[in-house]
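> got a predicted structure here, sequence first:
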Amino acid sequence: MATELNIGIIGVNTSGGWAAEAHVPAVQAVDGLHLTAVAAGSQAAADEAAQAFGVAKAYGDGLALIADPDIDVVTVATRVPGHRDLLLAALAAGKHVYSEWPLGAGSHQAREIADAARSARVKHAIGLQLRESPAVRMARDILRSGALGRALSVSVSSTTAGFGPAVPPQFAYLEDPATFANMVTIQGAHTVDLLIALTGSLDLVTALCSRQFPLIEIGEPRQRRERITFDHLLMQGRHATGAPFTVEVAGGRTGDTPFHLDLVGETGRLRLDGGAPRGLQSGRIGLIRDGERQAIDEGLFAALSDAAINVAGVYAALRDDIRHDTSTVTDFEHAVRLTRLIEDVLTAPQASRLQADEAWPGR
């Protein structure tokens, strides 16, 4: 295998977006990776992005990037409705893949993509990047060491400035439930996945999805209409270990600390906090142990932006899996299970009590 892996990212634009903010700097910071190509919705946009980020190849079509024989790893960082076709094409071409979360527009698509990945015998990473946060890894190590004893309870507050009463035109598609890209499937899923990563699978869940802003202004020119997705999620329940939990995920909120998770153990407490206005998954996370802020070793990624640092951790794990034929990175099989859990939360009657399903994720 070549010493460097050539990465192609689909969905890069200089006008902004997650690919430009997080994926591009993350790839450029990880040893052994080379950002070889970018693709956008038009050749002009791709050329502009390639010039801005110092990339040799630009494609106005994601499928053309996938067909490039020099590309080892394809990242799909487009809107969710475009994931399926691009990921299936990349897998059919034998490429390793990194997909942004959600994997597909519901569990049927997610299952189809995961099955294709298994058949292709390639490595695949899902963009649940909080699992690679240095603070989250440190908290997980503390918990697994037994230093806090048994977890007694966990409570989470996870907010985002998005999904409020005013919807910018570029985010209008998030108001369509068919895209499977909304507050519950994005912010809610990242939050619940972090909870599972720290304290294990869920045994019992009560979930309530609601609309705090039932009327929204959307599009350009601005139009007032009813919101048909949800902008608020309450969950409570019990982990398989017996520890109870509470979760609130809320849209349309602003504040200095958009996220905090408090875990009470038999012999100590942990608090994770921080995040970003757009959501906890988009920023740095800090760690407090028994009231004292902890120094977090961010290693080679310390200079990266808040948006890029956790994504760089996913790329590093994927690189190592490709090099050593291991399976450590959070993959598409996990994505399918998390999608099933989120679908159950979305489709259950209001304030419904959900029993654990074997299709839900564990750690």
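It's in. None of the values given here were measured: they were computed from a predicted structure. Numbering: from 1, shown residues only.
> how about residue 126, phi and psi?
phi -110, psi 140 (degrees, to the nearest 10).
> hang on, isn't it packed against residue 334?
Yes: here residue 126 reaches residue 334: they are 6.5 Å apart, a contact under C-beta atoms under 8 Å. For the C-beta atoms, the positions are set from N, CA and C on the backbone; glycine is no exception.
> report the separation between residue 223 and residue 179.
Distance, residue 223 to residue 179, by C-beta to C-beta, to the nearest Å: 18 Å.
> who has more neighbours, those two?
residue 179 (17 against 11; other C-beta atoms under 10 Å).
> who's in contact with that one?
Each residue near residue 179 by C-beta atoms under 8 Å, 6 or more residues apart in numbering is listed here: 79, 80, 81, 105, 173.
> let's see 7 Å
80, 81, 105, 173 (C-beta atoms under 7 Å, 6 or more residues apart in numbering).
> mark which of the residues you listed are buried, thanks.
80, 81, 105 (16 or more other C-beta atoms under 10 Å).
> nearest residue to the first one other than its sequence neighbours?
With sequence-adjacent residues excluded and distances taken as C-beta to C-beta, 6 or more residues apart in numbering, residue 80 is closest to residue 181, at 4.3 Å.
> if I read this right, the one you found contacts residue 174, doesn't it?
Yes: using C-beta atoms under 7 Å, residue 181 is in contact with residue 174, at 5.4 Å.
> on that earlier part again, nearest to residue 205, of the buried ones among the contacts of residue 179?
The shortest approach to residue 205 among the buried ones among the contacts of residue 179 belongs to residue 105, at 22.8 Å (C-beta to C-beta).
> picking up where we left off before, out of residue 126 and residue 334, which sits in the busier spot?
Counted by other C-beta under 10 Å, residue 126 and residue 334 do not tie: residue 126 has more neighbours, with 28 against 21.
> do you have the helices of the stretch 201-350 of the chain handy? List them.
With DSSP state H, counting those that start in this stretch, the ranges of helices along the stretch 201-350 of the chain come out as 309-324, 332-347.
> these: which one's closest to residue 193?
Closest among the helices of the stretch 201-350 of the chain, using C-beta to C-beta: helix 332-347, at 5.7 Å.
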